[in-house]
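>>> Let me see the structure of the following:
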Amino acid sequence: MGDLVLTFTPTELQNLRACQYLNNSAEQVLLWDHFLTVHDEVELVWRAQLSFPKLLFLFNRYVVPTCLIILTYATSGFSDDILSDSVCIIPYPTVSQCLYELSVSILTQTVLILLRLWVLWDRKTRLVLATLPLFLVTQITAIVCTTYVVSSMMRESSYALMVFEPYLHSCMLTEKVNFAILWTPGVIVFELMIFIMTWWNALDRPLPQHAKMAKVMYRDGSIYFFVRLRLLNLVLSIVSPVSLLAPSRHFIWSACNVTLTRLIMNLRRAAAEAEEGFFADAYIHPRSWPLLPRQGSCVSETYELQGKGPETCARLSPSVTSITM
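Prediction:
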C-alpha cells in the first residue's frame, strides 16, 4: 500500500496530520494527569481494602494508558519504523486487541459509575433492578458491535480496511467503517437513561446524609457524562470522511479516563473527610467532659476523681487508680 499516499488530496493529508496531533496531545494530557494524581491514588486507593471496585479502578487506570501508547505508536506517524499491515489487523497485540481492551475499560468505567450511583441512591431495589438489566443488555450489545467492527477490519490482507501507510508511518483506514454502532448502545440508551435518572433523583429527593458526596457526584459526574457521551465520536462516525474518522478517538478515551479518575478520587476524599468529621464529632477530649459533682459520686468540686481503688468507689473499675482533669 505504499502508493496509497498518492491518492490523498492536500486536505485529506492535513486532516490526517491534525488527527495525529490531537491524539498525541490527548495521550500527553492523560500521562500528565497520572503524574499529578499519583499521590492521591496512593493515599485514597492503594491503602484501601482490596475490593472489586478497587480492582476495576486500577484496571482502568493502567490499561487505558498502555493501550493508548500502543495505538499512538501505530498511528502517530512520529515513529520511523516501517510496520507491516498485519500490525494493524491481527488481533494481538496490536490495534484490534487494543480496541477490545479499551472497550472493556469503558465497561469498567460504567460499572464504577453505576456502583457509586447505587450508593448515592441508598441501594434502592427499584432503581437497582431498573439499571442492572439495562446495563447488561447495552454492554453485551456494545461488545457484539465491537466484534462486528473489528471482524470487518480483519479481512484478507489485500482487501484489509486498515493498512499501514509507510509514507505517513501510520495505520489508517482505506474506506469508511460503520463506527456509529460502537457508540449507539451506550450513548443513546444506557448513558442517557442513567443521566436522566440521576438528576431526577437529585431533584426529587435530595439526600442530606450524602450532601457532600452528592455534590461531587453531580458536579464531576455531569462532566464525565458529557465527555463520556461521545457525541463527537457519534457525529463524526456518521458525517465525516475517512480522513476524519478518528480525530477524537484518543481524546475521548483519555478524557474519560481523566474525568473518571478525578470523580472516583474526589468521592473517596469526600467519604474520608465525612468519616473523619464523624469521629471528630463523636470523640470528646477528656478535658472537655462535662463532669458535674453529684451526691454519691466519686467526683469532687475540684473535678478530681478521689478514688484510689475499688474500695473508695464501686463505680470505678479496679484498674482505675487516679485521674486528674
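
>>> C-alpha only now, for contacts and for neighbours.
Fine.

>>> hang on, Leu192 is in a strand, isn't it?
No: using DSSP: H, G, I helix; E, B strand; the rest coil, the assignment for Leu192 is helix, not a strand.

>>> and it, how far is that from Thr198?
From Leu192 across to Thr198, the span is 10 Å (C-alpha to C-alpha, to the nearest Å).

>>> Looking at the two now, which is surrounded by more residues?
Taking neighbours as other C-alpha atoms under 10 Å, Leu192 and Thr198 compare with Thr198 leading, 20 against 15.

>>> Please tell me how far the more buried one sits from Ala274.
22 Å.

>>> now swap in Phe57 and tell me
22 Å.

>>> In terms of neighbours, single out the busier of the two.
Phe57 (20 against 16).

>>> For the longest helix seen in the chain, name the packing helices and strands.
The longest helix of the chain (DSSP state H) is helix 249-282. Helices and strands touching helix 249-282, by 3 or more C-alpha pairs under 8 Å, 6 or more residues apart in numbering; DSSP states H and E, are helix 10-41, helix 52-75, helix 211-228.

>>> Which one, of those helices, ends up nearest to Ala130?
Nearest of the helices and strands packed on helix 249-282 to Ala130, taken as C-alpha to C-alpha: helix 211-228 at 19.1 Å.

>>> The longest helix of the chain: which residues count as buried?
Neighbour-count burial for helix 249-282 flags 249-270, 274 (criterion: 16 or more other C-alpha atoms under 10 Å).

>>> shaky segments in the chain?
Along the chain, segments meeting pLDDT under 70 span 1-7, 74-102, 153-161, 178-180, 182-188, 199, 201-237, 245-249, 275-325.

>>> if you set the cut-off to 50 instead, what comes out?
1-6, 91-93, 156-158, 278-325 (pLDDT under 50).

>>> domain parsing for it?
As assigned by automatic domain parsing, the chain contains the domains 2-282, 289-325.

>>> what angle sits between the longest helix of the chain and helix 52-75?
160 degrees (axes from the mean of the first three to the mean of the last three C-alpha atoms, to 10 degrees).

>>> Now do the same contact list for the closest residue to Phe135 other than its chain neighbours.
Distances taken as C-alpha to C-alpha, 6 or more residues apart in numbering put Phe190 closest to Phe135, at 6.5 Å, once the chain neighbours are dropped. By C-alpha atoms under 8 Å, 6 or more residues apart in numbering, Phe190 lies in contact with 134-135, 138.

>>> Keep only those of those that are in strands.
Among those, no residue falls in strands (DSSP state E).

>>> Produce a PyMOL select command limited to the buried residues of those.
To isolate the buried members of these in PyMOL, using 16+ other C-alpha under 10 Å:
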select buried, resi 134+135+138
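
>>> Save the contacts of Phe190 as TSV, and put in distance to Val111 too.
Formatted as TSV, the contacts of Phe190 follow (distance: C-alpha to C-alpha, whole Å):
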residue	distance to Val111
Leu134	12
Phe135	9
Thr138	12
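
>>> Return the member of the contacts of Phe190 nearest to Phe8.
Looking across the contacts of Phe190 and measuring by C-alpha to C-alpha, the closest to Phe8 is Thr138, at 37.7 Å.

>>> now the closest one: how far from Phe59?
For Thr138 relative to Phe59 (C-alpha to C-alpha), the value is 21 Å.

>>> swap in Ser243?
32 Å.

>>> Those two: which is more packed in?
More neighbours surround Ser243 than the other of Ser243 and Phe59, with 22 against 15 (other C-alpha under 10 Å).

>>> Who are the contact partners of the more buried one?
Ser243 neighbours (C-alpha under 8 Å, 6+ apart): 12-13, 15-16.

>>> at 6 Å what do you get?
Residues counted as contacts of Ser243 (C-alpha atoms under 6 Å, 6 or more residues apart in numbering) are 12, 15-16.

>>> Same check on Leu112?
Counting by C-alpha under 6 Å, 6+ apart, Leu112 has no contacts.

>>> what's the burial count for Pro53?
16.

>>> got it, and Val149?
18.

>>> ok, Ser25 - contacts?
Here Ser25 is in contact with no residue (C-alpha under 6 Å, 6+ apart).

>>> No further questions, thank you.
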